[in-house]
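Visitor: Turn this into a structure:
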Amino acid sequence: MWNTPRIERKLAMSILRSIVIAFALFSKIPMPRVEWTKANMQYMLCAFPFVGMVIGLILWGWMWLCNVLTIGTILFAAGLTLIPIAITGGIHLDGFCDTVDALASHAEPERKREILKDPHTGAFAAIFTSAYLLIYFALCTEIPRQTQTLWLLGIIHIMVRSTVGFGVLHFLGIGSQGLFYTTSSTSNRGRVTIALCFIFTLCTASLILIGGLTGIAITITTAICAIYIYFMSKKQFGGMSGDISGYWIQFAELLAVAVLVFANKVVIL
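Guide: This next block holds a predicted model:
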């Protein structure tokens, strides 16, 4: 009984260090130096969605600035496209590049895994990444400058990361090395799973409350994308990796933004 406050302080410090490591790893936001031990990383995936929250808040600030300065649609859309990449340092886009390069090879799973590890950028990676950014930018030109819509966009970044975090914990991984394995193996699976499911549920409720049918469509799309990644990663690569997780984030965000745009055309938010 006398050790309860001490245990609570230890847990609080572990969570705080996990948050710092999560932001240091998955963003370019300056963080204090924390040792990467199992104890310090066990709740790191719980903090992963909070990177999406920061992205959402900055996107909202960008919309406010654009409205105040009456900035045009093209520059507004460019900000929506580049802000997430700037905050994350392109770490997930890098995984997208490697994964589409491997998928485009149509090789055997073993060869695809080799391409994932290859530091060189292939032609298919350049082609698909350029197409991705063009499509994302084009979709952003159609996003209304409304607080309601930007909240939905911000929640998308949170929801996708909670889903990917769940996948890191429970989807089959490739081998016993690399960032994916380290993140998965050091996590407190029980508590982190509960936290990520809670965040996903909260995001779902918020999307439906704010967006109605649009929110439902975004949630369903995010879930379908997770199912696709599960089967695709097993079939094409023999399991998940850090690069495939980055591909998952970028792909899911693109689909969710597309749903947001097109649903906004036919549904009154």
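Visitor: Other residues contacting the helix or strand encompassing residue 20?
Guide: If you go by DSSP states H and E, residue 20 is part of helix 4-26. With C-beta atoms under 8 Å, 6 or more residues apart in numbering as the test, helix 4-26 has contacts from 29, 31-32, 34, 36, 39-48, 50-51, 88, 91, 179. Every C-beta, even on glycine, is put in place using the N, C-alpha and C of the backbone.
Visitor: from those, which ones fall inside helices?
Guide: Mapping the contacts of helix 4-26 onto helices (DSSP state H) picks out 39-41, 44-48, 50-51, 88, 91, 179.
Visitor: Just the buried residues of those.
Guide: By the neighbour-count criterion of 16 or more other C-beta atoms under 10 Å, the ones in helices among the contacts of helix 4-26 include these buried positions: 40-41, 44-48, 50-51, 88, 91.
Visitor: which intervals of the chain have sub-threshold pLDDT?
Guide: Residues of the chain that meet the criterion pLDDT under 70 lie in 1-8, 11, 176, 267-269.
Visitor: Report the inter-axis angle for the secondary structure element (helix or strand) that residue 264 belongs to versus helix 4-26.
Guide: Under the criterion of DSSP H and E, residue 264 resides in helix 242-266. Between the axes of helix 242-266 and helix 4-26, defined by axes from the mean of the first three to the mean of the last three C-alpha atoms, to 10 degrees, the angle is 80 degrees.
Visitor: Buried residues in helix 242-266, which are they?
Guide: 242-261, 263-264.
Visitor: Would you mind pulling up the elements that that helix packs against?
Guide: In terms of contacts (3 or more C-beta pairs under 8 Å, 6 or more residues apart in numbering; DSSP states H and E), helix 242-266 is packed against helix 91-104, helix 123-140, helix 147-170, helix 178-186, helix 213-237.
Visitor: how about these in JSON lines, adding distance to residue 206?
Guide: Output for the helices and strands packed on helix 242-266, formatted as JSON lines (distance: least, C-beta to C-beta, whole Å):
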{"stretch": "helix 91-104", "distance to residue 206": "22"}
{"stretch": "helix 123-140", "distance to residue 206": "21"}
{"stretch": "helix 147-170", "distance to residue 206": "5"}
{"stretch": "helix 178-186", "distance to residue 206": "26"}
{"stretch": "helix 213-237", "distance to residue 206": "8"}
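Visitor: quick one on the thing from earlier: what angle do the helix holding residue 264 and helix 213-237 make?
Guide: Using the same axes, to 10 degrees: helix 242-266 against helix 213-237 is 150 degrees.
Visitor: Now do the contacts for residue 74.
Guide: By C-beta under 8 Å, 6+ apart, the neighbours of residue 74 are residue 141.
Visitor: so where does it fall, helix or strand?
Guide: Judged by DSSP H and E, residue 74 forms part of helix 73-88.
Visitor: repeat for residue 54
Guide: Using DSSP H and E, residue 54 maps to helix 44-68.
Visitor: what helices or strands is that helix leaning on?
Guide: Using 3+ C-beta pairs under 8 Å, 6+ apart, helix 44-68 sits against helix 4-26, helix 73-88, helix 147-170, helix 178-186, helix 189-211.
Visitor: So which bits of it are buried?
Guide: Neighbour-count burial for helix 44-68 flags 44-56, 58-59, 62-63, 66 (criterion: 16+ other C-beta under 10 Å).
Visitor: for the helix holding residue 20, the distance to its chain's centre please.
Guide: 21 Å (C-alpha atoms, centre = their mean, to the nearest Å).
Visitor: Next, the angle helix 73-88 makes with that helix.
Guide: Going by the same axes, to 10 degrees, helix 4-26 makes 130 degrees with helix 73-88.
Visitor: Only alpha carbons, please: show helix 4-26 as PDB.
Guide: The C-alpha trace of helix 4-26 is given here as PDB (Å, rounded to 0.1, in the frame of the first residue of the first chain):
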ATOM      1  CA  THR A   4       1.400   2.900  -4.500                       C
ATOM      2  CA  PRO A   5       2.500   6.500  -5.000                       C
ATOM      3  CA  ARG A   6       5.900   5.300  -6.000                       C
ATOM      4  CA  ILE A   7       4.400   2.900  -8.600                       C
ATOM      5  CA  GLU A   8       2.200   5.600  -9.900                       C
ATOM      6  CA  ARG A   9       5.100   8.000 -10.300                       C
ATOM      7  CA  LYS A  10       7.100   5.300 -12.100                       C
ATOM      8  CA  LEU A  11       4.200   4.600 -14.500                       C
ATOM      9  CA  ALA A  12       3.800   8.300 -15.200                       C
ATOM     10  CA  MET A  13       7.500   8.700 -16.000                       C
ATOM     11  CA  SER A  14       7.400   5.700 -18.200                       C
ATOM     12  CA  ILE A  15       4.400   7.100 -20.100                       C
ATOM     13  CA  LEU A  16       6.100  10.600 -20.400                       C
ATOM     14  CA  ARG A  17       9.300   9.100 -21.700                       C
ATOM     15  CA  SER A  18       7.300   7.000 -24.200                       C
ATOM     16  CA  ILE A  19       5.600  10.100 -25.500                       C
ATOM     17  CA  VAL A  20       9.000  11.900 -25.900                       C
ATOM     18  CA  ILE A  21      10.400   8.900 -27.800                       C
ATOM     19  CA  ALA A  22       7.300   8.700 -30.000                       C
ATOM     20  CA  PHE A  23       7.600  12.300 -31.000                       C
ATOM     21  CA  ALA A  24      11.300  12.000 -31.500                       C
ATOM     22  CA  LEU A  25      10.900   9.000 -33.800                       C
ATOM     23  CA  PHE A  26       7.700   9.900 -35.700                       C
END
